[in-house]
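In: Could you work out the structure for the sequence below:
(one chain, ligands or ions: 1)
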Amino acid sequence: MIIHDVHIENASEHMDVRIEKGTFQQFAPAIEPHEGEEVIDGQGGVLIPPFVDPHVHLDAALTAGDPEWNETGTLFDGIRIWYERKKTLTVQDVKDRALHTLRMMARNGIQYVRSHVDVTDPGLTALHALLEVREQVAPFMTLQLVAFPQEGILSFPHGKELMEEAVKEGADVVGGIPHYEFTSEYGRESLRFLMDLAQRNDRLVDVHCDEIDDPASRNLETLATLAYESGMADRVTASHTTAMGSYNDAYAYKLFRLLRMSGINFVSNPLVNMHLGGRFDTYPKRRGLTRVKELNEAGINVAFGEDDIQDPWSPLGAGNMLDVVRMGLYAAQIMGYRQIMDAYRFVTYNGAATLHIAPEDYGIAVDKPANGVVLNAPNFYHALNENAETLYSIRGGKVIVRTKAKETSTAF
Ligand code: FE2
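Out: As a prediction, the model looks like this:
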């Protein structure tokens with residue numbers, strides 16, 4: 001197959017791309033098709049690696065308003081409302097909503113997803129549903145599942161056993177929520193438990209860490225130390241870390257040395273953190289984000305996630321990483337022209353590193369798997385401004401999503 005006329009990762013030249021046996025094989029200004037070789041028209045769009053959403057909650061997606069809307073917009077009311085909705089979950093209910101959400105995401109060029117799955121449920125209903133969904137979507141999407149203890153590990157009855165069971169049943173990643181545990185001692189102990197669980201079972205780690213506007217919430221230093229001392233390093237991810245937006249600069253400076261040494265990844269969720277953060281402030285009002293710009297400039301891997309899609313924590317969400325990047329750039333003030341052009345990396349390469357995808361399996365280069373998306377704009381700056389459609393999402397050399405560009409006319 002040939003993709004005709006694309007700009008590869010913002011390059012100004014128009015190129016053709018040949019795909020053979022599911023891998024990229026040739027990049028050249030004009031490639032003559034072999035007899036019978038399929039040619040698709042890239043229409044001068046930008047070809048980038050597939051989008052990665054490294055942090056979403058598929059089990060809760062599309063439940064907004066059921067049983068009630070979160071009118072205060074706090075994380076804690078979200079947890080309270082989800083606690084009620086969780087009682088009515090069935091495997092079919094979770095599967096239907098998760099598949100619907102994944103199709104929305106696929107249409108927007110997402111091929112890699114890491115979903116947290118609430119395992120503070122004695123029946124593990126959501127996990128059972130999402131294990132089936134992971135199988136079902138495997139030809140089209142890479143779906144990683146995190147055993148996520150929404151109500152705590154030490155602060156929930158049989159929390160440790162439920163985490164062990166979730167891993168045994170096939171969760172890819174071990175999660176945590178230390179700032180929500182009853183005490184800071186419990187928080188630290190939960191981190192030691194979950195790191196040990198991951199090591200014993202050869203799993204990755206992704207912790208909801210310090211998602212609170214409280215400068216005293218310092219679980220991150222423990223997680224980073226455990227990642228450093230255990231050698232788990234880049235197999236570990238700290239999600240949210242919004243308390244870092246409230247740390248004083250002297251402490252943050254000291255912390256950054258450890259963060260660099262630890263090699264851990266960060267996921268910031270700009271849409272949801274802007275919505276949930278600062279809710280207990282009057283004025284001045286905090287932005288509720290971690291130090292994205294500073295982490296990025298320190299060479300620490302930071303990816304963006306959408307987190308919540310029409311659920312008790314966010315009434316909005318379209319499964320589109322362009323929305324996420326746009327908010328991330330505004331909120332973290334990363335708005336230089338080059339920074340905007342490069343910003344696709346927050347939702348492609350940086351996300352892939354977070355998911356621990358091998359570098360040889362991800363990216364636009366000869367011999368790599370032919371996975372990529374063509375957006376309907378010549379570069380990422382225009383793609384963001386125009387909210388460009390995903391003309392094609394290609395996986396293993398096959399077109400899995402195809403969109404007709406919309407046509408609008410004006411009277412002047
Ligand atoms: Fe989350």
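In: Show me the protein divided up by domain.
Out: Following automatic domain parsing, one finds the domains of the chain at 2-48+365-402, 51-360.
In: any chance of those domains in TSV, plus mean neighbour count?
Out: For the C-beta atoms, the positions are set from N, CA and C on the backbone; glycine is no exception. What follows is the domains of the chain, written out as TSV (neighbours: other C-beta atoms under 10 Å):
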stretch	mean neighbour count
domain 2-48+365-402	18
domain 51-360	20
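In: Would you format these as JSON lines with mean pLDDT and distance to Ser409 included?
Out: Formatted as JSON lines, the domains of the chain follow (pLDDT from 0 to 100; distance: least, C-beta to C-beta, whole Å):
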{"stretch": "domain 2-48+365-402", "mean pLDDT": "98", "distance to Ser409": "16"}
{"stretch": "domain 51-360", "mean pLDDT": "97", "distance to Ser409": "24"}
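In: okay if I get the ones you listed as TSV plus distance to Thr410?
Out: Below are the domains of the chain laid out as TSV (distance: least, C-beta to C-beta, whole Å):
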stretch	distance to Thr410
domain 2-48+365-402	15
domain 51-360	23
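In: Relative to Phe412, which of those domains is closest?
Out: Set against Phe412 and scored by C-beta to C-beta, the domains of the chain come closest in domain 2-48+365-402, at 19.5 Å.
In: What's the end-to-end length of that closest one?
Out: For domain 2-48+365-402, the first-to-last residue distance is 15 Å (C-alpha to C-alpha, to the nearest Å).
In: cool, stretch 9-25 as well?
Out: End-to-end span of stretch 9-25 (C-alpha to C-alpha): 17 Å.
In: now stretch 344-352
Out: Rule used - C-alpha to C-alpha; the end-to-end distance of stretch 344-352 is 12 Å.
In: Not counting its own residues, what contacts it?
Out: With contact meaning C-beta atoms under 8 Å, 6 or more residues apart in numbering, stretch 344-352 is reached by 9, 48-54, 112, 265, 301-305, 321, 324-325, 328, 362-363, 380, 383.
In: now with 7 Å?
Out: With contacts defined as C-beta atoms under 7 Å, 6 or more residues apart in numbering, stretch 344-352 is touched by 48-49, 51-52, 54, 112, 301-304, 321, 324-325, 328, 362, 380.
In: Sitting in strands, which of those residues do you find?
Out: Within the contacts of stretch 344-352, residues falling in strands by DSSP state E are Ile48, Phe51, Val52, Pro54, Tyr112, Val302, Ala303, Phe304.
In: Mind picking the one among those residues that's closest to Met105?
Out: The closest of those to Met105 turns out to be Phe51 (C-beta to C-beta; 8.1 Å).
In: Touching, that closest one and Gly319? I think so.
Out: No. Phe51 lies out of contact with Gly319 (C-beta atoms under 7 Å); the separation is 9.8 Å.
In: quick one: common contacting residues for the two?
Out: In terms of C-beta under 7 Å, 6+ apart, Phe51 and Gly319 are both contacted by the residues Asn108, Ile110.
In: Need the per-residue pLDDT for Lys406.
Out: You'll see Lys406 listed with a pLDDT of 88.
In: To what extent is it buried, counted in neighbours?
Out: Neighbourhood size, Lys406 [other C-beta atoms under 10 Å]: 7.
In: Roughly how far does it sit from Leu391?
Out: 11 Å (C-beta to C-beta, to the nearest Å).
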